[in-house]
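Novice: My questions concern the predicted model and sequence given below.
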Amino acid sequence: MTRNYLVVFEQSSTNWSAFSPDVEGCGSLGDTLEDTRDNMREAMELYLRETAAAGEPIPAAHPAIVNFDEFDPKREAKQYVVEWLMISLPESATQAA
């Protein structure tokens, strides 16, 4: 089973970073957008596997409004990419509302 989660990718002067508003505390870095996308998918799948193993519900995916002022108030990022990233869910996942 898979689910699409909204992911925000941010380019700095030296690399890319990523986070998902629906999966708090899970983020990733990479040298390129493609590397960061792959790293973020891997990080989210590991995070969700560990969440399911702990008996916690898997976060739901929601359409979101991303407030860039919240994490980049000085507008230091060079570029943003916001997209849905398909994530494989663990077999034992309990779904959150």
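Specialist: Received the coordinates, thanks. Residues are numbered from 1 along each chain as shown.

Novice: in this protein, which spans are helices?
Specialist: In order along the chain, the chain carries the following helices (DSSP state H): 33-53, 68-71.

Novice: Which of those helices has the lowest mean pLDDT?
Specialist: For the helices of the chain, the stretch scoring lowest in mean pLDDT is helix 68-71; its value is a mean of 75.

Novice: can I have it written out in PDB, keeping just the CAs?
Specialist: What follows is helix 68-71, C-alpha atoms only, in PDB (Å, rounded to 0.1, in the frame of the first residue of the first chain):
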ATOM      1  CA  PHE A  68       7.100  29.700   4.100                       C
ATOM      2  CA  ASP A  69       7.500  32.500   6.700                       C
ATOM      3  CA  GLU A  70       7.300  29.900   9.400                       C
ATOM      4  CA  PHE A  71      10.600  28.200   8.400                       C
END
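
Novice: Can you list the neighbours in contact with it?
Specialist: Taking contacts as C-beta atoms under 8 Å, 6 or more residues apart in numbering, the residues outside helix 68-71 that touch it are 10, 19, 75, 77, 80. Placement of C-beta: from N, CA and C, glycine included.

Novice: Same question for stretch 24-44.
Specialist: Stretch 24-44 has contacts (C-beta under 8 Å, 6+ apart) with 5, 7, 9, 11, 15-20, 23, 47, 59, 81, 85-87.

Novice: How many residues are close by residue 61?
Specialist: Taking other C-beta atoms under 10 Å as the criterion, the count of residues near residue 61 is 18.

Novice: One more: residue 83?
Specialist: Residue crowding around residue 83 was assessed by other C-beta under 10 Å; the count is 12.

Novice: I figured residue 10 was touching residue 76, is that so?
Specialist: No: counting by C-beta atoms under 8 Å, residue 76 is not a contact partner of residue 10; they are 9.2 Å apart.

Novice: Between these two, which has more neighbouring residues?
Specialist: With neighbours defined as other C-beta under 10 Å, residue 10 and residue 76 compare such that residue 10 has more, 21 against 9.
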